[in-house]
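In: Kindly generate the corresponding structure for this input.
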Amino acid sequence: MNEIIRKIESEQLKAEVPQFRVGDTVRVHALIKEGTRERIQIFEGTVLKRQGGGVKETFTVRKNSNGVGVEKSWPLHSPHVVNVEVIRRGKVRRAKLNYLRDRVGKSAKVKERMR
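Out: Numbering: from 1, shown residues only. Here you go, the predicted model:
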């Protein structure tokens, strides 16, 4: 039974997974269906967390829109996530950045990681 599930899940994995970490500022290109039409909508923000593994892996992105914090979570291997491009690399020391939810202004920024 376990082998069957593993085989089905491996078929659903994306061939190329974008390389990003927690704290990075990313631009997520998501496929939106409105009736019979499809379009790509861009959501840009900071990655708060990555969790799970394999087909069930998800990531959460947070942005500030008109003074209101907006968070969205996506499955990493979903066909609705067309592309994830990294804008800035963030320097953080946590796996989950839940503390950013309570911060406003400069204190809500993440330092940039230099290579």
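In: By mean pLDDT, which helix or strand of this structure comes out lowest?
Out: Least confident helix or strand of the chain, by mean pLDDT, DSSP states H and E, is helix 2-12 with a mean of 85.
In: Name every strand pairing with whichever helix or strand comes after that one and say which way it goes.
Out: Next helix or strand after helix 2-12 toward the C-terminus (DSSP states H and E): strand 25-34. According to DSSP bridges, strand 25-34 has the following sheet partners: strand 37-51 (antiparallel), strand 81-88 (antiparallel).
In: Among these, which comes closest to residue 18?
Out: strand 81-88 (4.1 Å; Cβ to Cβ). For glycine as for every other residue, the C-beta is placed from the backbone atoms N, C-alpha and C.
In: could you dump the closest one to CSV, C-alpha only?
Out: Presented in CSV, the C-alpha positions along strand 81-88 are these (Å, rounded to 0.1, in the frame of the first residue of the first chain):
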residue,chain,number,x,y,z
VAL,A,81,1.7,27.9,-8.9
VAL,A,82,3.3,28.7,-12.3
ASN,A,83,6.5,30.3,-11.1
VAL,A,84,8.2,31.5,-8.0
GLU,A,85,11.0,34.1,-8.6
VAL,A,86,13.2,35.3,-5.8
ILE,A,87,13.5,39.1,-5.6
ARG,A,88,15.7,39.4,-2.5
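In: Thanks a lot, see you next time.
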